[in-house]
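Trainee: Generate coordinates for the sequence data below:
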Amino acid sequence: MDTRLGILLPTNRAQWDNARRLVDFAVRAERLGYDSVWANDTLLGPRIEPLAMLAALSSATERVTLGTATLLPAFRRPVMTAQALASIDHLSAGRLIVTVGAGFPGRSEIEYAVSGVPWERRFGRLDDTVALWRALWSGERAFHGKVLHFDELPESTRSYRPGGPPIWLGGASPSALERAGRLYDGWLPYPPDPADYRAGSASVLSSAASADRPADAVTPALFVTVLISDEAEGLERRLDSYCRATYGLPYETVRTIQAIVAGPAEKVAATLARYTDAGAEHLVCRIAAPSLDVQTDQMELIAEAVRAAI
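Mentor: Numbering: from 1, shown residues only. Modelled structure (predicted):
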C-alpha cells in the first residue's frame, strides 16, 4: 500500500495575517500532491475553528482528504456536532476523516471547565459521543451509552457515506491502543521513536483481532512535527522557539513526548521512512515554523523530499 502524505494547516492566529490565505495554503497542498489537509482543535489560544476551516475547504479543494487532527468533541454539543460533521461530509463529497481525542492532562482541564463538561469519565464520554454520531448518521432515534443517554433523538442529517466518515483515535496509552483497535477506524499517535510506533501498532492490531475485526479495520497513521533545514547551528533554537510558543514547554521536553523530525531533507525523509517501515500508512506533518510564508516554503520542501522516500 502506498503511504499517504498529509499536512496540518497553521490555523493558530499567530501564524497567519489573513485567514483566507489558509484556503490558498490548502489548495497549494493539493496541487503539490498531498493526499490530505488537516486542522487541529483547542480552546487555548485564538485560531480558526477546525470544522469551519474544513467546511471552507470542502468547496475550494477537489481531491484531498479533509481531516481533524485532533477534534476534541467534549467542547461541543454532540447532536449538533453530528450534524456539522455530516454536513462537511456532504459538502466534500465524502472526503472527511474525523480524528478525535479526550485532551491532555495538565493542559485540557481548563478547556473542559469553560465548556461545562466534567473532566472525569472523559474517555467514556468520548467513546459514547462517537457511537452517538454513528447512530444519528444511520437514522437511529434513541441512544443509550455509559455516559450519554437520549430516549428521543430528532431526525438528523445522515452522512454522505453510509455509516459516516471514518473516525480515528489520537493517543498511545494502553487504553487508547485497546480502544482504537476495538472501536475506531484509524489510529493517529505521535510516538517519538519508530520502535514505539511498531509496538503500539501491534497492540492495536491485537485489540482489533480480539474484537473480531479484520486486520485492515484500523488505518495506522502518524502525527509528526517536521522542519527541513541544512543549518546545523540554530536548528534546535528554532525548534525550541516553536515548542515554547505552541506548548509553553522547551524542545528538550516536547521531543520526549512527540515525534519531531528535523534536519536536512535526506535525514527527514530517512527518519519518516523508519515510521512507514514500522507500519505507518498515513503521515500527517505539522510544520515547526512561525509564519504562513515559511510554512508554505517548508510544505514544498517536504513534498519534494519526502514523497519519493515513502
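Trainee: Please make it C-alpha for all contacts and neighbour counts, starting now.
Mentor: Fine.
Trainee: quick one, what contacts residue 309?
Mentor: If a contact means C-alpha atoms under 8 Å, 6 or more residues apart in numbering, then residue 309 has 269, 270, 273 as its contacts.
Trainee: let me fix that: residue 278
Mentor: Residue 278 is in contact with 194, 195, 197, 198, counting by C-alpha under 8 Å, 6+ apart.
Trainee: run the last query once more with 7 Å
Mentor: For residue 278, the contact set (C-alpha atoms under 7 Å, 6 or more residues apart in numbering) comprises 194, 197, 198.
Trainee: Then residue 59?
Mentor: By C-alpha under 7 Å, 6+ apart, the contact set of residue 59 is 91, 92.
Trainee: Quick one: the helices in the protein, in order.
Mentor: Across the chain, reading from the start of the chain, the helices by DSSP state H fall at 20-31, 50-60, 78-91, 109-115, 122-137, 174-183, 194-210, 235-247, 251-254, 265-277, 292-309.
Trainee: Figure out which of those is closest to residue 38.
Mentor: Closest approach to residue 38 among these (C-alpha to C-alpha): helix 50-60, 8.0 Å.
Trainee: For the contacts of residue 278, please prepare JSON lines with the additional fields pLDDT, distance to residue 108 and neighbour count.
Mentor: Below are the contacts of residue 278 laid out as JSON lines (pLDDT from 0 to 100; distance: C-alpha to C-alpha, whole Å; neighbours: other C-alpha atoms under 10 Å):
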{"residue": "194", "pLDDT": "98", "distance to residue 108": "27", "neighbour count": "21"}
{"residue": "197", "pLDDT": "98", "distance to residue 108": "24", "neighbour count": "25"}
{"residue": "198", "pLDDT": "98", "distance to residue 108": "28", "neighbour count": "18"}
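Trainee: which one of these sits closest to residue 44?
Mentor: Relative to residue 44, and with distances defined as C-alpha to C-alpha, the nearest of these is residue 197, at 28.0 Å.
Trainee: Not counting sequence-adjacent ones, nearest residue to the closest one?
Mentor: Taking C-alpha to C-alpha, 6 or more residues apart in numbering as the measure, residue 197 lies nearest to residue 191, with 6.0 Å between them; neighbours along the chain are not counted.
Trainee: and the one you found, what pLDDT?
Mentor: Looking at residue 191, its pLDDT reads 98.
Trainee: again, but for the one 5 residues further on
Mentor: pLDDT for residue 196: 98.
Trainee: Pick out the residue nearest the middle of this structure.
Mentor: Averaging the C-alpha coordinates of the chain gives a centre point, and the residue nearest to it by C-alpha atoms, centre = their mean is residue 69 (1.8 Å).
Trainee: Please go through the protein and pick out the longest strand.
Mentor: Secondary structure of the chain read by DSSP state E shows that its longest strand is strand 219-228.
Trainee: Who are the packing partners of it?
Mentor: Secondary-structure packing of strand 219-228 (3 or more C-alpha pairs under 7 Å, 6 or more residues apart in numbering; DSSP states H and E): strand 186-188, strand 260-263, strand 282-287.
Trainee: So what's the residue count around residue 22?
Mentor: For residue 22, the tally of surrounding residues (other C-alpha atoms under 10 Å) stands at 21.
Trainee: how about low-confidence regions in the stretch 1-150 of the chain?
Mentor: Low-confidence regions of the stretch 1-150 of the chain, defined by pLDDT under 70, span residues 1.
Trainee: How about the backbone phi and psi for residue 184?
Mentor: Here is the backbone geometry of residue 184 (degrees, to the nearest 10): phi -110, psi 170.
Trainee: follow-up on the earlier one: if I look at the residue nearest to the centre of the chain, how far off is residue 281?
Mentor: 16 Å (C-alpha to C-alpha, to the nearest Å).
Trainee: what about the residue nearest to residue 197, how many neighbours?
Mentor: Taking other C-alpha under 10 Å as the neighbour definition, residue 191 ends up with a count of 23.
Trainee: Let me see the contact set for the residue nearest to the centre of the chain.
Mentor: 38, 39, 40, 99.
Trainee: Highest neighbour count among those residues?
Mentor: Neighbour counts for these (other C-alpha under 10 Å) peak at residue 38, which has 28 neighbours.
Trainee: Could you list everything that residue pairs with in the sheet?
Mentor: Using DSSP bridges, the beta-bridge partners of residue 38 come out as residue 8, residue 67.
Trainee: That one contacts residue 5, correct?
Mentor: No: because the distance of 11.0 Å does not satisfy C-alpha atoms under 7 Å, residue 38 is recorded as not touching residue 5.
Trainee: Report the contact partners of residue 171.
Mentor: For residue 171, the contacting residues are 188, 189, by C-alpha under 7 Å, 6+ apart.
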